[in-house]
Every structure is written in C-alpha cells, then in structure tokens.
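[1] Here is my input; please provide its structure:
(one chain, ligands or ions: 1)
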Amino acid sequence: MPPILDIADLRKSYADGFEALKGVDLQIDAGEIVALLGPNGAGKTTLISTACGITMATSGTVHVGGHNTVSEYRAARAMIGLVPQEINLEPFERVINTVRFSRGLFGKARDDALIEKVLRQLSLWDKRNNQIRELSGGMKRRVLIAKALSHEPRLLFLDEPTAGVDVELRKDMWEVVRGLKATGVTIVLTTHYIEEAEAIADRIGVIARGEMLLVEDKDALMTRMGRKQLDVQLSEELDEIPEALASYDLVLCEDRKTLTYSYDTRADRTGITKLLRDVAAAGLVLRDVATRQSSLEDIFVDLVSREEEVAS
Ligand SMILES: Nc1ncnc2c1ncn2[C@@H]1O[C@H](COP(=O)(O)OP(=O)(O)OP(=O)(O)O)[C@@H](O)[C@H]1O
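    Residues are numbered from 1 along each chain as shown. Take a look at the predicted model:
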C-alpha cells in the first residue's frame, strides 16, 4: 500500500530568507503514530503546516493518500485533520456547535451521530452544551481534537498536543491518541516531552535545523543507539583509575568511588564478567553494582548535540 503521507525533498524558505526546511523526506504508512522530536525552532511546526497546505513550500512535494497537497488541495485537505499548538476557540460558543461548524467548513453534511461519537470518544459528551469558556485547559485541547476529527480525516496532525498540560492530563491524552489509532487514524505529533514519544509512538523522527536527522522504529532506535551503563561502586575512594584497568573505557565519577563502564547491549560479550574479575584482582573492594539503560532522552540529546557540533 502507498504511504498515507509522502513528503519528498521539502524545502521552505520564509520571506526573510530563513531556510526552515532543508530538503525533508518522510513517508508514513496508514495506522502509524509518528512522533517528531526536535529542539525549539527545528522546523516541526513548519513541516506540519506545509504538509497541511497552510504554508506554501518553496520546493518539494507532499502527497496525502496519493493526492498532491497543491494541485489536488481539496482532496488532500479532506483527508487531514490538524490540531494546532494554540487554542483558538470562540469562548462563548457551545462545544457541540463548535465541532459541528468545523465539519460544515469541509462542506460535509450535518451528521449528529458522528459528532456524538467523536465527543464521546474524547469524553466531552457531558460538556456538549457548555460554552468553551467554561472548560478547563485540557478539555479545550480535546475540543480542538474533536474539531479536527469532525470531517473524518484519515491523517491527524497534533502540534504539541500536551504542551503545558499536567502529567495526569498528558496521560489521558495519550489514551485518546491510542484510541484514535485503534480506529484506524494515522497520527503525526510533535512534542517536547520525550517520554511522550517513548510512550505512544511507533516511529520517531528527529529534526534539527530544518533537517530530518533520522526516522526510525522506536524500539529499533532504542536498541540501536541505546547503551547500558554499569556503575561499579567501591568501598574506598580512588585518586585515579588503576593501571590494571586502563584497557577498559572507564570513567571515575565525581564521588571518586564509582567507576562507570558503558557497553553495547547488542554485543555478544559485554565484558562485564572480566571487568569485575579485574576490579577484584586490582585489589579494589566492591560495595555495589548497578546498571542503567540509556533512555530515548539520552539518545535524543546525544543526536542533537552531535549535529550542533557538526554545524558549528
Ligand atoms: N513566518 C515566519 N517567518 C520567518 N521565519 C519563521 C516563520 N515561521 C517560523 N519561522 C522560523 O522557522 C524556524 C522553524 O520554526 P518552527 O515553528 O517550524 O519550529 P518548531 O520546531 O516548531 O519550534 P518549537 O518547538 O519552538 O515550536 C524558526 O527559526 C522560526 O523562527
């Protein structure tokens, strides 16, 4: 099956000459959840707005469900739902009318059963007759999603859906996103919360300075780039790493009592057994050992800082 979203060599320079996207390629299959991570100003919002046809690309193409977003704008746009970063709702309008109106904007016939389904799915049915101003911040964000779903899109873009939302509500939102995926909607979201990407994404894309550094299956990425650390805690402080352990790539921590050993989780031999034997042979007394798996956050920080070094 062709990808539901196909972005090829997308470039965007703003009027002031700033190049926000420098040839981005991205293919997304139907039914996936893809999280786009990147530092502030990386180009995530520009990518989403350009993919939706709100911002005009300087060059390159975007196809949604096989439709070109410029030459077949209407067909492409009908397949897309966009949940923007800012809450841009009319405070005195009622929830149900807000959502119905959005459907009308796409020229779709009124469908009360569908609006009820969407509002129930987002736990907003009880609030359907409330004015927007009477809702909490988390509920307003869910109204934005309901609006974006009102015309039955196949591809939903969520631009920082949980920015400024507390931990509990963020987890609720993750449930909503998983529920949408279960109904067959493809989801592309941007986020600054790495645990969010870790919790819900099937694939992760990392953008920095307008370039897509990688797009990869989350689990594969964590296995490929993830390293494990072994902290060897000693009973006594060391001035330096003993000569007998020089062949290991060890780091002596600030407390001078912990030696950190990094190893590749995929390697046949991790070297741990030999290291511990050599630690004992060097006359050091062990107090404790602990292991730590690098998180997606470690991988992300590592990737982006490496890219910054190359760029500077
Ligand atoms: N209308 C515009 N005119 C000129 N430059 C712009 C415009 N919109 C965005 N930019 C610039 O393009 C770059 C990418 O911005 P964008 O909003 O896409 O980043 P982002 O990754 O979404 O950032 P954030 O995480 O802070 O939301 C930034 O340097 C920004 O200043």
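[2] In space, what's closest to A280 - neighbours in sequence excluded?
    L286 (7.2 Å; Cβ to Cβ, 6 or more residues apart in numbering). In short, each C-beta sits where N, CA and C put it, glycine included.
[3] Flag every residue of this protein that's near the ligand.
    The chain has residues 14, 16, 18, 20, 38, 40-46 near the ligand, with proximity defined as Cβ under 6 Å from any ligand atom.
[4] Okay, now the unreliable bits of the stretch 151-300 of the chain?
    Where the stretch 151-300 of the chain drops to pLDDT under 70, the residues are 226, 265-266.
[5] Count the neighbours of A246 for me.
    A246 has 10 neighbouring residues, counting by other Cβ atoms under 10 Å.
[6] Ok, E236 next?
    9.
[7] need the contact list for it.
    Applying Cβ atoms under 8 Å, 6 or more residues apart in numbering to E236 gives the contacts 257, 284-285.
[8] nearest to the ligand, of these?
    Of all the contacts of E236, K257 has the smallest distance to the ligand: 40.0 Å, by Cβ to the nearest ligand atom.
[9] Touching, that closest one and Q233? I think so.
    Yes - counting by Cβ atoms under 8 Å, Q233 is a contact partner of K257 at 6.0 Å.
[10] which neighbours do the two share?
    With Cβ under 8 Å, 6+ apart, K257 and Q233 have common neighbours R287.
[11] Spell out for me which residue occupies the centre of this structure.
    A35 (2.8 Å; Cα atoms, centre = their mean).
[12] neighbouring strands for the helix or strand that one falls within, and are they parallel or not?
    With elements taken from DSSP states H and E, the one containing A35 is strand 33-37. Sheet pairing for strand 33-37, assigned by DSSP bridges, gives strand 186-191 (parallel), strand 203-208 (parallel).
[13] for R287, helix, strand, or coil?
    In three-state terms, and counting by DSSP: H, G, I helix; E, B strand; the rest coil, R287 is strand.
[14] Now for it: which residues touch it?
    R287 neighbours (Cβ under 8 Å, 6+ apart): 233-235, 257.
[15] And for G31?
    181, 184, 186 are the contacts of G31 under Cβ under 8 Å, 6+ apart.
[16] Surely the last one touches R154?
    Yes - counting by Cβ under 8 Å, a contact exists between T186 and R154, whose distance comes to 6.3 Å.
[17] coming back round to it: and the furthest pair within the residues of the chain next to the ligand?
    Using Cβ to Cβ, the residues of the chain next to the ligand span at most 20.6 Å, a distance reached by D16 and G38.
[18] With neighbour numbers in mind, choose between those two.
    G38 (24 against 5).
[19] Now do the spatially closest residue to the more buried one that is not a sequence neighbour: how many residues are near it, please.
    Leaving aside its sequence neighbours, G38 sits nearest to I207 (Cβ to Cβ, 6+ apart; 3.7 Å). Residues lying near I207 (other Cβ under 10 Å) number 25.
[20] What of S150?
    S150, neighbours per other Cβ under 10 Å, totals 24.
[21] hang on, isn't it packed against R100?
    Yes - at 7.2 Å, S150 counts as touching R100 under the criterion of Cβ under 8 Å.
[22] what touches both of the two?
    Residues touching both S150 and R100 (Cβ under 8 Å, 6+ apart): I115.
[23] What confidence value was assigned to the nearest residue in space to R103 that is not next to it in sequence?
    In this structure, R103 finds its nearest non-sequential neighbour in S150, 3.9 Å apart by Cβ to Cβ, 6+ apart. On pLDDT, S150 comes in at 93.
[24] how much space between S150 and the ligand?
    Noted for S150: a distance of 25 Å to the ligand, by Cβ to the nearest ligand atom, to the nearest Å.
[25] re the thing from before, ok, of the contacts of G31, which come out buried?
    181, 186 (16 or more other Cβ atoms under 10 Å).
[26] ok, so of the contacts of G31, who is nearest L10?
    So of the contacts of G31, ranked by how close each gets to L10 (Cβ to Cβ), first place is T186, at 18.1 Å.
[27] Contacts only, for the closest one.
    Applying Cβ under 8 Å, 6+ apart, the residues contacting T186 are 4-5, 28-33, 154-156.
[28] need the helices for the stretch 151-300 of the chain, in chain order.
    Per DSSP state H, counting those that start in this stretch, the stretch 151-300 of the chain carries helices over the ranges 167-182, 194-200, 218-225, 272-281, 296-311.
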